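In: 3D, please:
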Amino acid sequence: MELPTHILLAYGYLLLFAWVLIEQLGLPLPATPILLAAGALSADGHFNFALALLAGLAGAVAADSTWFLVGRRFGHHVLRILCKLSLEPTTCVRRTQDSFGRRRGLLLMFAKFIPGLGLLAPPVAGQNGMSLAPFLLYDIIGGGLWVTTLLVCGRLFGDLLKRNPGLLHWVGRFSSLLLLLAVIGFLLMRLYRRRAVLSKLAAARLEPEELKRLLDAGEPVYIVDLRHPLELLPDPFMLPGALHFSPDELAARNLEIPRDRDIVLYCTCPSEATSAKVALTLHKLGIERVRPLRGGFDAWKRLGFPLDPVAPVGPVLTTIQPAP
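Out: Numbering: from 1, shown residues only. Down below sits the predicted model:
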């Protein structure tokens, strides 16, 4: 196998450590092919299985410990960063936090086998006040299970190659292409899932007329104005009962947002771009009932629906009050 085995043979265990470390820090560089290759190379003695396990485990634990300490220090701020790094929309920070509260040890031991959780679990552990010693214990067990599983799979494949030299020749010719296709497939799959959520949000867009009916009927709707403060200066009006927040402020205070009602977001961007982006972030944070307003503020105003006057004095309001 020319790649990644050629690179592994040239740079050895240091490359294995660095590759796993980089992936576990959040960059979309899958470590699975390199671990499988290391396992395959151990079948013919080019790689020591135990040393490969230690190198991979050291990279995983080093990255997880970094995120644990960062999560302890910066809390929800780092989770917002991870939401931006992650292309996996099905992984929800709030659900990770709920699962962590119920079975923290089990979550840490098997998080790496679940897409997205391997990146989120360490900072959530730090944010929730878990002590370093038990975190390291569970993380070492979980990292060891993950690295060992991939190395063993590679070792079995390596044994198959030894019994069938023709297969080895075929893999050697096409391994570079296979690795490239694996990386591309990995990224495309995550982008596909992201687009699926965006499509779901687009389908969930709320028509201005429907929102007007909900308000007239006294339904509890939580309305958020996402416009820039400068946009309020020439047009100091908001939808009835709306609260004004910047996207970052709203995401930072997501725990204060009610979960028992629709969250309606509006802006003045073409195709509700800001609302869609914020809706995606809130979706990752566990807030499912998010609905961008179709046409935003301009569509509501154009239809002549009622508006509340406001006197913008700052970028955001200081408190979040549930809509009536």
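
In: Which parts of the stretch 151-300 of the chain are strands?
Out: Counting by DSSP state E, counting those that start in this stretch, the stretch 151-300 of the chain has strands at residues 221-225, 237-238, 243-244, 262-266, 290-292.

In: which stretches of the stretch 201-324 of the chain aren't confidently modelled?
Out: 201-204, 230, 270-271, 273, 311-324 (pLDDT under 70).

In: which residues of it fall in helices?
Out: 208-216, 229-232, 247-252, 273-284, 296-302 (DSSP state H, counting those that start in this stretch).

In: Then the stretch 1-150 of the chain?
Out: Using DSSP H, counting those that start in this stretch, helices in the stretch 1-150 of the chain cover 5-24, 32-42, 49-74, 76-85, 93-110, 117-127, 132-163.

In: I'd like to know which elements the second one is packed against.
Out: Taking 3 or more Cβ pairs under 8 Å, 6 or more residues apart in numbering; DSSP states H and E as the contact definition, the neighbouring helices and strands of helix 32-42 are helix 5-24, helix 49-74, helix 132-163, helix 165-203. Yep, even glycine has a C-beta here, placed from its N, CA and C like the rest.

In: Keeping just the C-alphas, turn it into CSV.
Out: Taking Å, rounded to 0.1, in the frame of the first residue of the first chain, the C-alpha atoms of helix 32-42 are listed here in CSV:
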residue,chain,number,x,y,z
THR,A,32,-9.4,6.0,10.3
PRO,A,33,-7.4,5.2,7.2
ILE,A,34,-4.1,5.8,8.9
LEU,A,35,-5.0,3.6,11.9
LEU,A,36,-6.2,0.9,9.5
ALA,A,37,-2.9,1.1,7.6
ALA,A,38,-0.9,0.9,10.8
GLY,A,39,-2.8,-2.2,11.8
ALA,A,40,-2.2,-3.8,8.4
LEU,A,41,1.5,-3.0,8.6
SER,A,42,1.7,-4.8,12.0
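
In: so it versus helix 132-163, what angle?
Out: 60 degrees (axes from the mean of the first three to the mean of the last three Cα atoms, to 10 degrees).

In: And the average pLDDT for helix 32-42 is what?
Out: The average pLDDT within helix 32-42 is 83.

In: Enumerate the positions of that helix that are buried.
Out: By neighbour count on 16 or more other Cβ atoms under 10 Å, the buried set for helix 32-42 is 33-42.

In: I'd like to know which of those residues is nearest to residue 133.
Out: residue 35 (27.0 Å; Cβ to Cβ).

In: confidence score at the spatially closest residue to residue 142 that is not a sequence neighbour?
Out: Using Cβ to Cβ, 6 or more residues apart in numbering and skipping residues adjacent in sequence, the residue nearest residue 142 is residue 109, 4.0 Å away. Looking at residue 109, its pLDDT reads 90.

In: Appreciated, that's everything.
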